[in-house]
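**Student:** Sequence below, structure please.
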Amino acid sequence: MPVLVLAFLSFPPMAAQFAATKFGVQAGLTAWDIAAFRYGAAALGSLLVLANPTRRAIMLAMPGRFLIVGLLGGAFYGAIFTAATTMMPASHSTLFAPSSSILCTLLVAGVVLGAWPSPTRLIGVGIILAGLVVFARAADVQIDAEALGGDALFGLIGLLWGCFSVFARKWNLDPLCCVAAMGATGLLFVPLWFFFAPSNVTGANLAVALGEGIFQGWFLTFVAFLAYMKLVHRLGPPTAALGIALIPPMGVAIATLVLHETTYPGQWLGAAIVVAGLAIAGGAGAGPLGRVVGLRPVQ
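**Tutor:** Residues are numbered from 1 along each chain as shown. Model (predicted):
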């Protein structure tokens with residue numbers, strides 16, 4: 001499948017998940033409700049993958065490694081992501097989460113794969129931070145305890161996602177088996193959420209809850225994340241993470257159109273600066289960009 005098609009299947013749905021989560025909250029669902037429906041649906045999808053003898057044999061041959069990547073990118077990650085997203089506007093979270101993800105991916109790639117950031121990438125980090133400041137000032141983001149808590153959670157999310165993608169690439173794990181491992185973690189966590197977490201699912205918002213399961217549980221896991229894992233295998237984690245730079249402007253646009261969140265020109269300027277910084281930090285140049293558009297294979 002062409003790289004551009006994989007990117008189209010991966011990054012727009014990733015951008016939409018922020019608005020989808022906020023939409024569920026506006027309908028009265030708790031963060032735990034959204035996480036439970038998301039990973040309950042993902043767990044059902046993983047059972048379909050495990051029903052395939054070939055895929056099941058692959059996962060049983062390396063159970064420890066698939067367990068690790070499943071926990072890093074699965075229900076534990078998703079619960080933190082959902083909680084962080086509910087703590088701030090979707091247009092805010094859609095900028096901070098991708099930034100932390102790409103920066104942590106670069107850091108983990110350096111530690112695990114020995115591919116440390118170059119001076120050019122460090123310049124990109126500085127540009128990203130500058131863009132976040134511009135965005136925060138334009139959006140009049142309140143730096144209170146809740147906002148700081150959300151930002152801290154997004155930092156943890158970025159670290160988990162970086163470890164997930166780098167280890168999956170280092171161990172050369174099958175992409176479909178990786179996302180199945182992510183979904184299978186729902187079998188562990190959903191019963192705990194069902195019995196112990198607060199819930200506000202009613203007849204009035206049940207359709208929204210089911211929609212969260214279909215979009216975030218099935219489509220996001222088995223289409224968007226699967227496409228991203230194929231990009232990781234084809235391009236390598238740092239270059240694949242470059243595409244995450246597309247998420248902030250798309251996420252802000254979706255939050256504006258779907259949730260009618262107020263945006264300001266300065267936010268778009270901040271998003272543009274972050275995109276530029278992410279591109280530089282991701283190693284944008286003739287080589288990586290050529291691979292992104294499918295003109296050059298990974299060497």
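**Student:** can I assume residue 197 is in contact with residue 29?
**Tutor:** No - using CB atoms under 8 Å, residue 197 is not in contact with residue 29; the gap is 11.6 Å. C-beta coordinates here come from the backbone N, C-alpha and C atoms, glycine included.
**Student:** Those two - which one has more neighbours?
**Tutor:** Each of residue 197 and residue 29 has its neighbours counted (other CB atoms under 10 Å); residue 29 has more, 26 against 16.
**Student:** Quick check: nearest residue in space to residue 217, chain neighbours excluded?
**Tutor:** Distance criterion CB to CB, 6 or more residues apart in numbering; nearest residue to residue 217, sequence neighbours excluded, is residue 41 at 2.7 Å.
**Student:** do the same with residue 65
**Tutor:** residue 171 is the one closest to residue 65 (CB to CB, 6+ apart), at 5.1 Å.
**Student:** which residues touch residue 11?
**Tutor:** By CB atoms under 8 Å, 6 or more residues apart in numbering, the contact list for residue 11 reads 224, 228, 243-244, 246-247, 250.
**Student:** can you tell me which two in the residues you listed are farthest apart?
**Tutor:** Spatially, the most separated pair among these is 228 and 250, at 14.6 Å (CB to CB).
**Student:** okay, the two: which has more neighbours?
**Tutor:** Taking other CB under 10 Å, residue 228 and residue 250 do not tie; residue 228 has more neighbours (27 against 19).
**Student:** residue contacts, residue 182?
**Tutor:** Residue 182 neighbours (CB under 8 Å, 6+ apart): 42, 46, 69-70, 73-75, 221, 225.
**Student:** One more pass at 6 Å, please.
**Tutor:** Taking CB atoms under 6 Å, 6 or more residues apart in numbering, we find residue 182 in contact with 70, 73-74.
**Student:** and it, how far is that from residue 226?
**Tutor:** According to CB to CB, to the nearest Å, residue 182 stands 10 Å off from residue 226.
**Student:** which residues in the stretch 101-250 of the chain form helices?
**Tutor:** 119-138, 145-170, 175-184, 186-196, 206-212, 226-235, 237-242, 247-259 (DSSP state H, counting those that start in this stretch).
**Student:** Which strands or helices does the first one pack on?
**Tutor:** Applying 3 or more CB pairs under 6 Å, 6 or more residues apart in numbering; DSSP states H and E, one finds that helix 119-138 makes contact with helix 265-281.
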